[in-house]
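> Provided below are the primary sequence and the corresponding predicted coordinates.
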Amino acid sequence: MKFPLLLAALMAAAPAFADELSDSQNAVQRTDRAGQKAQGKVEMLDDKAQAIQAKYRQLKAEKEQLALYNRQMEIIVASQNEELASMDRQIAEIEKTERGVLPLMSRMVDSLEQFVDLDTPFLPQERQARVALLKDLLTRADVTVSEKFRRVLEAYQVEVDYGRNIEAYRGQENNVSYDFLRVGRLALYRISNDGEQAWLWHKGKNNWVALDSGYMRDLRQALKVAQQTAAPELMILPMATPASLKETSGDAS
């Protein structure tokens, strides 16, 4: 009978088949593990590729920002260079102006000093002190040219204002105290402290000329007006004309 022989053959072949099946299963498992390992490497490489791509994009963006920054800085540097060049030109102009202004101010102060010496002798100490202060100011390095020029013009303005107002002040001549009355630059009067004598400065004679006693009331009233102790009013005051003056000998005291 063939069946027992076939069965015996199959039974004899079963262990070999089982071994082959086990080997196949092991091969499949190794393949799966190899595939998983390969998949892991692929995923790791993909992550690295994405990281590299992200880094590339970041570097590209930084490069663009840096290029934009450099262009902006070039514009700023160009503007600063223009400003520096402008400042250099201005400094050169200022130095050139100073070379012209300083001698001009010196001449102005000299002219002012000469004017004060030749002018009607009112407030002589105050005005001479102002000129001396200006002379000292011009030699100081810690004062700007603009401030020096302002002070010189201010002194000129003070002199101009003297011709527009009246003023009363007390001063001394030859160690004698007097009240002085200045009416603009038209007239300068000297009045004794008792109010009984008065003199008018005669510029042509460069001397004081005694006034007639008839002018004393108006002079005393004008002195009060200048001192702002009386209301302004119309007064008749003598001027330096031969008809209204009589000359005293020398400087009356």
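Arrived safely. Numbering: from 1, shown residues only.

> what's stretch 228-239 in contact with?
Residues from elsewhere that reach stretch 228-239, judged by CB atoms under 8 Å, 6 or more residues apart in numbering: 183, 186-187, 189, 200, 211-212, 215, 218-219, 221-222, 224-225, 244-245. Yep, even glycine has a C-beta here, placed from its N, CA and C like the rest.

> Looking at those residues, which are in strands?
By the criterion of DSSP state E, membership of these in strands covers V183, A187, Y189, L200.

> related to what we said a few turns ago, could you identify the pair within the contacts of stretch 228-239 that is furthest apart?
Spanning the widest gap among those are K224 and L245, at 23.3 Å by CB to CB.

> ok, the two, which is more surrounded?
Taking neighbours as other CB atoms under 10 Å, K224 and L245 compare with L245 leading, 18 against 15.

> Give me the pLDDT value at the more buried one.
Note for L245: predicted pLDDT of 48.

> Over to the one 4 residues further on?
On pLDDT, S249 comes in at 38.

> for L5, same thing?
Looking at L5, its pLDDT reads 57.

> can you check E93 too?
For E93, the pLDDT comes out at 70.

> and what of G171?
pLDDT recorded at G171 is 92.

> Regarding it, what is its secondary structure?
The three-state label given to G171 by DSSP: H, G, I helix; E, B strand; the rest coil is strand.

> From the chain's centroid, how far away is stretch 215-231?
Mean C-alpha position of stretch 215-231 versus that of the full chain (CA atoms, centre = their mean, to the nearest Å) differs by 48 Å.
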